[in-house]
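Colleague: next input, structure requested:
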Amino acid sequence: IAAVNLGQNLRDGLFAKIQSLSFLELDHFKTSSLITRLTNDITQVQMVTMMLLRIVCFAPIIGIGALIKVLKESPSMTWIIAVVILVIVASGIFVAVNSGNIKIGESQASFSQEYSMSSQAQFYSYNNSIFFTSKDGMSLLDKKGNTVWTDTFSMTTPVMLSDGEYTAVADKGAKTMNVYNLKGKAYTVNTEGVITTFAINPLGYSVVMCQSSGENDYTAFCYSPDGKVAFKGSYVAKDGLPASIDISDDGRIIGISFINISRIKIKSKVNFYFVNTEDAKTTDNSDAIFSGVEMDNEVAAIVHFMPDNSCIVSTDAKLYSIGGRITNKENYKENWKVEYPNYVSAFNIVDNKYIAVAYGSTKTITDNSDNVNTVHWYNMRGNEIGSAKFDETITAMYSNMESTIVAMGKVFDAMDVRGKHLWEYRALQTVNSMQFFDSTDRIILATANKMQLFSVKKGANMVEDNDALDPNSEDTSVETTTASTTTAQTTSAS
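Modeller: Model (predicted):
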């Protein structure tokens, strides 16, 4: 009764407080978040209060009564009770010592790499090595932070994408892209027009979509691992704006999503093209297109090929799997789809095996708020294999090692794809990105002016040490939605 009365009083007070909020404050907190506070959160407080009262009131009475009874009936059992009490006390001390916050600072870093705050540094880890890029060039670092090789260039706004041992860096709003592997630079691409989106695959094939002049508004190029043009296609803007592009892991298929906004209703389509000439001869057109899927009233923002040549397409409303191993071009159709119950706040492909989707606010005020601030993991068959709910708004995700680091501002929770909690890290300064290194126990953490490699402890709550703060650092981060590790959209798709 006490817990129920507490819940009622909290709801009454919170409802009155919400009624007094201004329109500006309501926009800040969002309706879906306020509904969650009024329903689920207060219910949780009520349940905790009920369990606490039961334990605090009943447990001591039962324990003391049982002890008196045992001492009266069988004094010889006293030593057993003493041993049990010692075990309980020791367990409590162990839990208290190990459940506290662990401070992480400069002294715990395996290595640090400093850079200027204006360098726009990015990194990608693969096979105990780290690709590190900035406006001035690309470097490969070993697990001790030593430089293996360096390539210098000058880019205004570098964008880095990676898959396997290959990584590509393109200058946003320019015409240059460099491709690297563990040995160094593989090749350089100089396009005819400004690069709008690009992708790389684990064999070193790359695809680039760039703006064109003349009859065609856009041109797509596919480059083989030696940097030679393997495919070229031209497209007109009136047929749809190219939003995302990717190439299959075997370098055989290119997938491009187009968004048509010229009509009253938005319409998206994803077209699939053969790269090599022999495959293209089997199509009945000159564009080498062999299949396509249309989506009405949806924005196809992300296209990503999986190792089996199936293509994952994420729109603003659904998650699709299309195609797979090609036995004939007619079978490259939709395999399955999952409808998003909420707006998507972040999206990841995990090790080319799983898909991680973070759900944000509800689409309408009447929708169920259970999926607000949740992450769901799906396998290659479209089945959900894990989920986790968080108390704060999810701003980004970073996935590898069959696990995901969920970012909520300056709070980072590490979860595996089954939804099991690994560890938590709370930063005091802005963290631009975080990634697992060679295991889920080691992370690469990047701030505005420093990249560091840390060892972390599973099951622990870790807090950044005050001594690790750089007084010269400034908050330069922008909340981003992390997409596939091998595709990028440098033009808006929303």
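Colleague: how about stretch 442-462: buried residues?
Modeller: Residues of stretch 442-462 classed as buried: 442-454, 456, 460, 462 (neighbour count, 16 or more other Cβ atoms under 10 Å). The way it works is simple: take the backbone N, C-alpha and C, and place the C-beta from them, glycine included.
Colleague: am I right that residue 71 is in a helix?
Modeller: Yes. Residue 71 sits within a helix when classified using DSSP: H, G, I helix; E, B strand; the rest coil.
Colleague: gap between the helix or strand hosting residue 54 and the chain center?
Modeller: Taking DSSP states H and E as the criterion, residue 54 maps to helix 42-73. Its chain's C-alpha centre and that of helix 42-73 lie 43 Å apart, by Cα atoms, centre = their mean, to the nearest Å.
Colleague: that helix packs against which elements?
Modeller: With contacts taken as 3 or more Cβ pairs under 8 Å, 6 or more residues apart in numbering; DSSP states H and E, helix 42-73 sits against helix 2-19, helix 78-98.
Colleague: in a markdown table: those helices, plus mean neighbour count and mean pLDDT.
Modeller: Converted to a markdown table, the helices and strands packed on helix 42-73 look like this (neighbours: other Cβ atoms under 10 Å; pLDDT from 0 to 100):
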| stretch | mean neighbour count | mean pLDDT |
| --- | --- | --- |
| helix 2-19 | 13 | 83 |
| helix 78-98 | 10 | 76 |
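Colleague: for residue 223, find the nearest of those helices.
Modeller: helix 78-98 (52.2 Å; Cβ to Cβ).
Colleague: now what about that closest one, what contacts it?
Modeller: Applying Cβ atoms under 8 Å, 6 or more residues apart in numbering, the contact partners of helix 78-98 are 67, 70, 71, 460.
Colleague: between helix 42-73 and it, find me the angle.
Modeller: For helix 78-98 against helix 42-73, the angle by axes from the mean of the first three to the mean of the last three Cα atoms, to 10 degrees is 150 degrees.
Colleague: out of the helices and strands packed on helix 42-73, which gets nearest to residue 344?
Modeller: Smallest distance to residue 344 across those (Cβ to Cβ): 26.5 Å, for helix 2-19.
Colleague: that closest one: how far from the chain's middle?
Modeller: Per Cα atoms, centre = their mean, the centroid offset for helix 2-19 relative to its chain is 36 Å.
Colleague: show me what it is packed up against.
Modeller: Checked by 3+ Cβ pairs under 8 Å, 6+ apart, helix 2-19 has helix 42-73 packed alongside it.
Colleague: give me the angle between the helix it packs on and helix 2-19.
Modeller: Using the same axes, to 10 degrees: helix 42-73 against helix 2-19 is 160 degrees.
Colleague: which residues in the stretch 201-350 of the chain form strands?
Modeller: 206-211, 218-223, 229-235, 241-247, 253-260, 267-274, 289-296, 300-305, 311-315, 318-322, 334-339, 342-350 (DSSP state E, counting those that start in this stretch).
Colleague: a markdown table for those, including mean neighbour count?
Modeller: Listed next are the strands of the stretch 201-350 of the chain as a markdown table, based on neighbours: other Cβ atoms under 10 Å:
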| stretch | mean neighbour count |
| --- | --- |
| strand 206-211 | 24 |
| strand 218-223 | 22 |
| strand 229-235 | 16 |
| strand 241-247 | 25 |
| strand 253-260 | 24 |
| strand 267-274 | 22 |
| strand 289-296 | 18 |
| strand 300-305 | 26 |
| strand 311-315 | 25 |
| strand 318-322 | 20 |
| strand 334-339 | 14 |
| strand 342-350 | 21 |
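Colleague: and the nearest residue to residue 400 once chain neighbours are set aside, what pLDDT?
Modeller: Taking Cβ to Cβ, 6 or more residues apart in numbering, and ignoring the residues beside it in sequence, residue 400 has residue 436 as its nearest neighbour in space, at 5.2 Å. On the pLDDT scale, residue 436 is placed at 94.
Colleague: now do residue 422
Modeller: Residue 422 is given a pLDDT of 94.
Colleague: got it, and residue 66?
Modeller: 77.
Colleague: hmm, back to that, mind checking which of the contacts of helix 78-98 are buried?
Modeller: residue 460.
Colleague: lowest pLDDT pick from the contacts of helix 78-98?
Modeller: Among these, pLDDT bottoms out at residue 460, giving 72.
Colleague: now, the most widely separated pair of the buried residues of stretch 442-462?
Modeller: 449 and 460 (26.4 Å).
Colleague: and stretch 197-204, C-alpha only, in PDB?
Modeller: Once non-C-alpha atoms are left out, stretch 197-204 reads as follows in PDB (Å, rounded to 0.1, in the frame of the first residue of the first chain):
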ATOM      1  CA  THR A 197      29.100   9.300 -51.600                       C
ATOM      2  CA  PHE A 198      31.500   6.400 -51.800                       C
ATOM      3  CA  ALA A 199      32.200   2.900 -50.400                       C
ATOM      4  CA  ILE A 200      35.000   0.300 -50.100                       C
ATOM      5  CA  ASN A 201      35.000  -3.500 -49.900                       C
ATOM      6  CA  PRO A 202      37.400  -5.900 -48.200                       C
ATOM      7  CA  LEU A 203      39.100  -6.800 -51.500                       C
ATOM      8  CA  GLY A 204      40.000  -3.200 -52.300                       C
END
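Colleague: heads up, I number from 53, so please use that
Modeller: Got it, first residue is 53 now, which makes that one stretch 249-256.
Colleague: centre-most residue in this structure?
Modeller: Note on the chain: the residue nearest the mean C-alpha position is residue 449, at 2.5 Å, using Cα atoms, centre = their mean.
Colleague: ramachandran angles for that one?
Modeller: As for residue 449, its main-chain torsions (degrees, to the nearest 10) stand at phi -140, psi 150.
Colleague: is it true that it touches residue 464?
Modeller: No. Contact criterion Cβ atoms under 8 Å: residue 449 and residue 464 do not qualify, at 10.0 Å.
Colleague: what sits in contact with each of the two?
Modeller: With Cβ under 8 Å, 6+ apart as the test, residue 449 and residue 464 both reach 457, 458.
Colleague: which sections of this protein are below the confidence cut-off?
Modeller: Counting by pLDDT under 70, the chain contains low-confidence residues at 75-76, 78-82, 84, 147-158, 266-267, 315, 378-383, 517-546.
Colleague: how far away is residue 114 from residue 300?
Modeller: 65 Å (Cβ to Cβ, to the nearest Å).
Colleague: now do residue 508
Modeller: On the measure of Cβ to Cβ, residue 508 and residue 300 end up 35 Å apart.
Colleague: cool, residue 172 as well?
Modeller: 30 Å.
Colleague: which parts of stretch 227-244 are buried?
Modeller: 227, 228, 229, 230, 231, 232, 233, 238, 239, 241, 243.
Colleague: identify the residues contacting the nearest residue to the first one once chain neighbours are set aside.
Modeller: Of all residues beyond its chain neighbours, the one nearest residue 227 is residue 243 (4.7 Å), with distances taken as Cβ to Cβ, 6+ apart. With contacts taken as Cβ under 8 Å, 6+ apart, residue 243 has the following neighbours: 227, 228, 229, 260, 262, 271, 273.
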